[in-house]
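In: Provide a 3D model corresponding to the input given below.
(chains A, B, C and D)
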There are 2 protein chains.
Amino acid sequence: MTALPRRSAPHPFVRKVESVALFTLTEDERAALCALPMQVAQFDAYRDIVREGDRPARCFAVLDGFVSTYKTTLSGKRQIAAFHVPGDVPDIQSLHLKLLDNSISSIGPCRVGFVQHDAMRALFQAHPRIGDVFWRISLIDAALVRQWILNTGRREAYPRMAHLFCEVMTRLDVVGLAPERTCSLPMTQHELADALGITPVHVNRTLGDLTEAGLITLRSRRLTVHDWDRLTAIAEFDPTYLHLGCRDSE
Amino acid sequence: MTALPRRSAPHPFVRKVESVALFTLTEDERAALCALPMQVAQFDAYRDIVREGDRPARCFAVLDGFVSTYKTTLSGKRQIAAFHVPGDVPDIQSLHLKLLDNSISSIGPCRVGFVQHDAMRALFQAHPRIGDVFWRISLIDAALVRQWILNTGRREAYPRMAHLFCEVMTRLDVVGLAPERTCSLPMTQHELADALGITPVHVNRTLGDLTEAGLITLRSRRLTVHDWDRLTAIAEFDPTYLHLGCRDSE
DNA sequence: GAAATGTACTAACATAGATTGATATTTGCA
DNA sequence: TGCAAATATCAATCTATGTTAGTACATTTC
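Out: Predicted coordinates for the structure are as follows:
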């Protein structure tokens, strides 16, 4: 059981809350957030952190690494609905929906921090504005999923993959994890396939096409975008749906 | 400007809130809900009710008819992310996200009731439990969209369409609008195509296949399911994700 | 440092679904 | 009532993506 460092440098979780809030946290609010009792756990790659059907009494924040929300078909096909990066709370919904309707697993090895629902609820009770921020966070998550439906339903594999790369790069950039259009991308081609709704073989082809076009390179789990403008054009990427907006533009 | 009838029979909006709440509303809460000032408006078919990019100061409940949440690609392709039925509040997210990232339009002709954000916020302030119910509602909406990603990404047109029919039928049944496995389905094949992520031509073929198999009939905007068990089997339909659960099972 | 395993990559072939365009059939409306 | 506009239907052809079945690298493990 650890508490977050009260004063130290930006913890991804605190930073995320601050970045989504439409106001500046008071010293009090910030302190309460940092005082959340958090049980840190480490996971290897490809481990389920929670499973569809669970009734968890806690939720968790990603502290390090990538995590994916997915569902499977009875016949075993798998679809990843979202990736989560440090600072995200991928199962925030468990606070209000007892029964989890999706699984969440680690991509590469990762570290997460579990927080009891009761602690969250107490926090929201004491600081309603923080509760609102978390509502906002869950609404933004929903917006990403809606965008993803547009991608899988109405874009072909090539622009669809381009769009995924644009999104990941942008989200990581916000948290300072994508300097010079380069970022970690720990998923295998098989996982990319499950996210894009295509087969691993076709991922490989499409990846080859994007590379050959001089748009990106993906080697040893690092993604580099060489021509951001062309990539965003192909993807028709418009980051509005990410709701990163500076407070006023929002 | 009308207020909801205080005592009269189930208004779909109130009924929805009651059905999603994990507790029984107090007389006070129910009264406050009914006292929400609501501006009723009528829309013809295919009218945008709100548009992507709007910054609305109000949200709305569907009172009658169907409504769809959709996004479009720059190149004009359209993807419907969700259908909404009477009682739903399709743009509840506008309460916390200033900028709308999807459009919502009527399917057939429909009636909606607009409620100012301020009125909603006041309601939540006075009755925090009702605020929690709306948070819950928005989380359930998100769960539906996640399920829909699994469908578009990992199921072929035939089971995908079957799944859509199962979902619509089930949701309408809950509000008492699907007696004897028959319900209104006011959308054209073109709109079905936009929801399923396929072309209208292929909708027609697939619809023909489902009909020929004796599973359904869809005529003059009415859907009848003849063999619910086989349809749900083909769709691999499991309603858990709808979170309709009786309170305790939830 | 050999074996075992997980990834990445390739090629040949199969197919679900897209596209186009023509024709029926409804439906709404004057 | 009947015409115009939406919808639905059908057929022929084309293509993006799936399937299957490999080989070739990397890692990890002992």
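In: may I see the buried residues of the longest helix belonging to chain A?
Out: Criterion DSSP state H: the longest helix present in chain A is helix A:128-154. Buried residues in helix A:128-154, counted by 16 or more other Cβ atoms under 10 Å in any protein chain shown: A:130-154. Backbone N, C-alpha and C define where each C-beta goes, glycine included.
In: which outside residues touch the next helix or strand after it?
Out: Next helix or strand after helix A:128-154 toward the C-terminus (DSSP states H and E): helix A:157-174. By Cβ atoms under 8 Å, 6 or more residues apart in numbering or on different chains, the residues outside helix A:157-174 that reach it are A:19, A:83, A:85, A:144, A:147, A:151-152, A:155, A:178, A:181, A:183-185, A:192, A:195-196, A:198, A:202-203, A:206-207, A:209-210, A:215-216, A:223, A:225, A:231-232, A:234-237, A:239, A:242, A:244.
In: how about helix A:157-174, does it get close to DNA strand C?
Out: No. On the criterion Cβ under 7 Å from any atom of the strand, helix A:157-174 is out of touch with DNA strand C, staying 12.2 Å away.
In: now do that helix against helix A:128-154, angle only.
Out: Here the directions of helix A:157-174 and helix A:128-154 differ by 160 degrees (axes from the mean of the first three to the mean of the last three Cα atoms, to 10 degrees).
In: now helix A:157-174: average pLDDT?
Out: Averaged over helix A:157-174, pLDDT sits at 94.
In: contact partners for the residue nearest to the spatial centre of chain A?
Out: When Cα atoms, centre = their mean is applied to chain A, the residue found nearest the centroid is residue A:84 (1.9 Å). Shown in contact with residue A:84 (Cβ under 8 Å, 6+ apart): A:62, A:66, A:67, A:68, A:69, A:90, A:104.
In: so which of the residues you listed sit within strands?
Out: A:62, A:67, A:68, A:69, A:104 (DSSP state E).
In: could I get the residues you listed in TSV, plus columns for distance to residue A:52?
Out: Shown next, in TSV, are these (distance: Cβ to Cβ, whole Å):
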residue	distance to residue A:52
A:62	19
A:67	15
A:68	13
A:69	10
A:104	9
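In: distance check, residue A:30 against chain B.
Out: Using Cβ to the nearest Cβ, to the nearest Å, residue A:30 is found at 20 Å from chain B.
In: what's the answer for residue A:183, then?
Out: As judged by Cβ to the nearest Cβ, residue A:183 and chain B stand 23 Å apart.
In: spatially nearest residue to that residue (excluding sequence neighbours)?
Out: In space, and not counting its chain neighbours, residue A:183 is closest to residue A:172: 4.6 Å by Cβ to Cβ, 6 or more residues apart in numbering or on different chains.
In: for the one you found, grab the count of nearby residues.
Out: Neighbours of residue A:172 under the rule other Cβ atoms under 10 Å in any protein chain shown: 20.
In: can you check residue A:202 too?
Out: Using other Cβ under 10 Å, residue A:202 has 14 other residues around it.
In: kindly report the same for residue A:39.
Out: Residue A:39: 13 neighbours (other Cβ under 10 Å).
In: cool, and the one 3 residues further on?
Out: Residue A:42 has 13 neighbouring residues, counting by other Cβ under 10 Å.
In: would you agree it is in contact with residue A:108?
Out: No. Residue A:42 is not in contact with residue A:108 according to Cβ atoms under 8 Å; the separation is 11.7 Å.
In: so what's the nearest residue to residue A:89 once chain neighbours are set aside up against?
Out: In this structure, residue A:89 finds its nearest non-sequential neighbour in residue A:61, 5.0 Å apart by Cβ to Cβ, 6+ apart. Neighbouring residues of residue A:61 by Cβ under 8 Å, 6+ apart: A:12, A:13, A:38, A:87, A:88, A:89, A:112, A:113, A:115.
In: filter these down to the ones close to DNA strand C.
Out: Answer for these near DNA strand C: none qualify (Cβ under 7 Å from any atom of the strand).
In: in TSV: the residues you listed, plus distance to residue B:52.
Out: Shown next, in TSV, are those (distance: Cβ to Cβ, whole Å):
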residue	distance to residue B:52
A:12	30
A:13	30
A:38	37
A:87	27
A:88	24
A:89	26
A:112	34
A:113	35
A:115	34
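In: how about residue A:234, nearest residue that isn't a chain neighbour?
Out: Distance criterion Cβ to Cβ, 6+ apart; nearest residue to residue A:234, sequence neighbours excluded, is residue A:162 at 4.7 Å.
In: and for that neighbour, the neighbour number?
Out: 27.
In: from residue B:115, how far out is it?
Out: 40 Å (Cβ to Cβ, to the nearest Å).
In: if we can go back for a sec, compare the contacts of residue A:61 and tell me which is most surrounded.
Out: For the contacts of residue A:61, neighbours were counted using other Cβ under 10 Å, and residue A:112 has the most, 27 neighbours in all.
In: tell me the secondary structure at the closest residue to residue A:70 other than its chain neighbours.
Out: Leaving aside its chain neighbours, residue A:70 sits nearest to residue A:80 (4.5 Å; criterion: Cβ to Cβ, 6+ apart). State at residue A:80, reduced to three classes by DSSP: H, G, I helix; E, B strand; the rest coil: strand.
In: can you pull the contacts of residue A:80?
Out: A:68, A:69, A:70, A:191, A:194, A:195.
In: and DNA strand C, which of the contacts of residue A:84 contact it?
Out: Answer for the contacts of residue A:84 near DNA strand C: none qualify (Cβ under 7 Å from any atom of the strand).
In: and those, which is closest to chain B?
Out: Chain B lies nearest to residue A:69 out of these, by Cβ to the nearest Cβ, at 7.3 Å.
In: that closest one and residue A:82 touch, don't they?
Out: Yes. Applying Cβ under 8 Å as the test, residue A:69 and residue A:82 come out as touching, 4.4 Å apart.
In: break chain A into its domains for me.
Out: Domains of chain A are assigned by automatic domain parsing as A:2-147, A:155-242.
In: with distance to residue B:76 added, can I get these in JSON lines?
Out: Below are the domains of chain A laid out as JSON lines (distance: least, Cβ to Cβ, whole Å):
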{"stretch": "domain A:2-147", "distance to residue B:76": "17"}
{"stretch": "domain A:155-242", "distance to residue B:76": "11"}
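In: I'd like to know which of those domains is closest to residue B:49.
Out: Of all those, it is domain A:2-147 that lies closest to residue B:49, at 16.5 Å by Cβ to Cβ.
In: anything in the closest one near DNA strand D?
Out: No. Using Cβ under 7 Å from any atom of the strand, domain A:2-147 stays clear of DNA strand D, coming no nearer than 8.6 Å.
In: so what's the gap between that domain and the chain middle?
Out: 9 Å (Cα atoms, centre = their mean, to the nearest Å).
In: where in chain A is pLDDT low?
Out: A:1-10, A:245-250 (pLDDT under 70).
In: and the strands in it?
Out: Going by DSSP E, chain A shows strands at A:2-3, A:37-43, A:48-50, A:58-64, A:67-72, A:78-84, A:103-106, A:110-116, A:182-184, A:216-219, A:222-225.
In: give me the number of residues near the closest residue to residue A:177 other than its chain neighbours?
Out: Excluding the flanking residues, the one nearest residue A:177 by Cβ to Cβ, 6+ apart is residue A:183, at 6.0 Å. Residues contacting residue A:183 under the criterion other Cβ under 10 Å number 21.
In: return the distance of residue A:183 relative to residue A:239.
Out: For residue A:183, the distance to residue A:239 - Cβ to Cβ - is 15 Å.
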